[in-house]
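Participant: need the 3D shape of this:
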Amino acid sequence: LQEPAEVGGGSVQFGGSLTLSCHVPGVAFWTRCTAWFRQRAGEEREGVAAQCADSGITTYADSVKGRFIVSRDDATPNLDLQMNDLKPEDTAMYYCAADGSLLDRKTYRYWGQGTQVTVAS
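Facilitator: Residues are numbered from 1 along each chain as shown. Next up, the predicted model:
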């Protein structure tokens, strides 16, 4: 079983911070990239941040650059997403995905169930 498991969602005020954590069992964490995606109501799922074990590349969507930080804990193994200066437009279901390419959602093999983040204005 290699599906990721997310924890850490919740409600926060405008300008607040929240950290999401994704546990990725098995070899998926060490294969290509692990990433966070989000999906707002009525919209397509979009990439937020990815960290790639094979290349060492870390990449972010333009909308979160300078506010979100993704980090790996190889011992656990987890991929954490620290979200700062949160805005109402960050409200979405956040998904962790493993074994894919950068922020291309169609390439990811394993998906978590998602965790809701709500930012109040």
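Participant: how close does the most centrally placed residue in the chain get to S121?
Facilitator: Centroid-nearest residue in the chain: W36, 2.0 Å away (criterion: C-alpha atoms, centre = their mean). According to C-beta to C-beta, to the nearest Å, W36 stands 23 Å off from S121. Where C-beta positions appear, they are placed from N, C-alpha and C, glycine not excepted.
Participant: then the residue nearest to the centre of the chain would be within a helix, right?
Facilitator: No: looking at W36 with DSSP: H, G, I helix; E, B strand; the rest coil, it is strand, so not inside a helix.
Participant: need the contact list for it.
Facilitator: Counting by C-beta atoms under 8 Å, 6 or more residues apart in numbering, W36 touches 20, 22, 47-50, 70, 79, 81, 94-97.
Participant: give me the nearest residue to it, chain neighbours excluded.
Facilitator: With C-beta to C-beta, 6 or more residues apart in numbering as the criterion, W36 has its nearest non-adjacent residue at 4.4 Å, and that residue is V48.
Participant: for stretch 8-18, how far is the first residue from the last?
Facilitator: 7 Å (C-alpha to C-alpha, to the nearest Å).
Participant: give the buried residues for that stretch.
Facilitator: G8, G9, V12, L18 (16 or more other C-beta atoms under 10 Å).
Participant: turn the residues you listed into CSV, including secondary structure.
Facilitator: Listed next are these as CSV, based on three-state DSSP:
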residue, secondary structure
G8, coil
G9, coil
V12, strand
L18, strand
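Participant: mind jotting down where the strands sit in the chain?
Facilitator: 5-7, 10-13, 18-23, 33-39, 46-52, 58-60, 68-73, 78-83, 92-100, 110-111, 115-120 (DSSP state E).
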